[in-house]
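**Q** Provide a 3D model corresponding to the input given below.
(chains A and B)
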Amino acid sequence: TQLLEQSPQFLSIQEGENLTVYCNSSSVFSSLQWYRQEPGEGPVLLVTVVTGGEVKKLKRLTFQFGDARKDSSLHITAAQPGDTGLYLCAGGSGGYQKVTFGTGTKLQVIP
Amino acid sequence: DSGVTQTPKHLITATGQRVTLRCSPRSGDLSVYWYQQSLDQGLQFLIQYYNGEERAKGNILERFSAQQFPDLHSELNLSSLELGDSALYFCASSSVGAGGRYNEQFFGPGTRLTVL
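**A** Below is the predicted model:
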């Protein structure tokens, strides 16, 4: 069974601070997605990374896929209240890209 | 707007009852997924359909069933409802198997089920 553990589980920070969320597994994934979910709404896809060591930037968000494709990180610079939400990583593998979702990190950015 | 639609948005029912949740995937997507999310919990994968056929099963209870129709919309049937079934139910679609290389999923707005 593939598992994706995210840490920290909860994070409450002040506006303007930086933070990093981690997504770890003992399994190798051929692709990894990050989603953000706001309360009461469906998750929204932020990014997909596919190559070991790949780094992608989306404004203040930086995503990295580990060299061995077993882990990933999400770094947010100068967090804003609008960044508040549940961040989920999801790993894909297999011919039809079976997806495993991570345990989630709940982020609260206080103005 | 993800392009995935779900109805109804809210559903309130009593224990022991049966309900049907409906999902229409994005245009062109052949894969549909159902997830359950209880309060402050992560996403629990229930079941996946691809072009009308069941592709993968997660932690779906025997009281729950799903199907995908020829027009690709999907329905999730929940029966003999219990208080613990109260949750948000999400449908997602993906273009994997229809040209999409990676299983990027696009989620609907969800159906909030309350069992009283």
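
**Q** Which of the helices and strands in the chain ranks last by mean pLDDT?
**A** No chain was given, so I picked chain A. Sorted by mean pLDDT, DSSP states H and E, the helices and strands of chain A end with strand A:98-101, the least confident at a mean of 84.

**Q** That was the other one, I meant chain B.
**A** Per-SSE averages on chain B (mean pLDDT, DSSP H and E): minimum strand B:53-57, a mean of 90.

**Q** who does the following helix or strand past that strand touch, helix- and strand-wise?
**A** Remark: after strand B:53-57, the chain's next helix or strand is strand B:64-68, criterion DSSP states H and E. Packed against strand B:64-68 by the contact rule (3 or more C-beta pairs under 8 Å, 6 or more residues apart in numbering or on different chains; DSSP states H and E) you find strand B:44-50, strand B:74-78. Every residue, glycine included, has its C-beta placed from N, CA and C.

**Q** Could you dump the ones you listed into CSV with mean pLDDT, distance to chain A and mean neighbour count added?
**A** Below are the helices and strands packed on strand B:64-68 laid out as CSV (pLDDT from 0 to 100; distance: least, C-beta to the nearest C-beta, whole Å; neighbours: other C-beta atoms under 10 Å in any protein chain shown):
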stretch, mean pLDDT, distance to chain A, mean neighbour count
strand B:44-50, 92, 7, 21
strand B:74-78, 98, 15, 20
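
**Q** okay, those strands in JSON lines with distance to A:Val47 next?
**A** Output for those, formatted as JSON lines (distance: least, C-beta to C-beta, whole Å):
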{"stretch": "strand B:44-50", "distance to A:Val47": "21"}
{"stretch": "strand B:74-78", "distance to A:Val47": "26"}
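
**Q** need the residues of chain B near chain A, please.
**A** B:2, B:4, B:31, B:33, B:40, B:42-43, B:45, B:50, B:55-56, B:88, B:90, B:92, B:94, B:96-97, B:101-110, B:112 (C-beta under 8 Å from any C-beta of the partner chain).

**Q** are any of those buried, and which?
**A** B:2, B:4, B:31, B:33, B:42-43, B:45, B:50, B:55-56, B:88, B:90, B:92, B:94, B:96-97, B:102-110, B:112 (16 or more other C-beta atoms under 10 Å in any protein chain shown).

**Q** Please narrow the residues you listed to those residing in helices.
**A** If you go by DSSP state H, these have nothing in helices.

**Q** Out of the residues you listed, name the ones that lie in strands.
**A** B:31, B:33, B:45, B:50, B:55-56, B:88, B:90, B:92, B:94, B:106-107, B:112 (DSSP state E).

**Q** Name the nearest of the residues you listed relative to A:Glu41.
**A** Distance to A:Glu41 across those (C-beta to C-beta) is lowest for B:Phe107, with 8.4 Å.

**Q** residue closest to the middle of chain B?
**A** B:Trp34 (2.9 Å; C-alpha atoms, centre = their mean).
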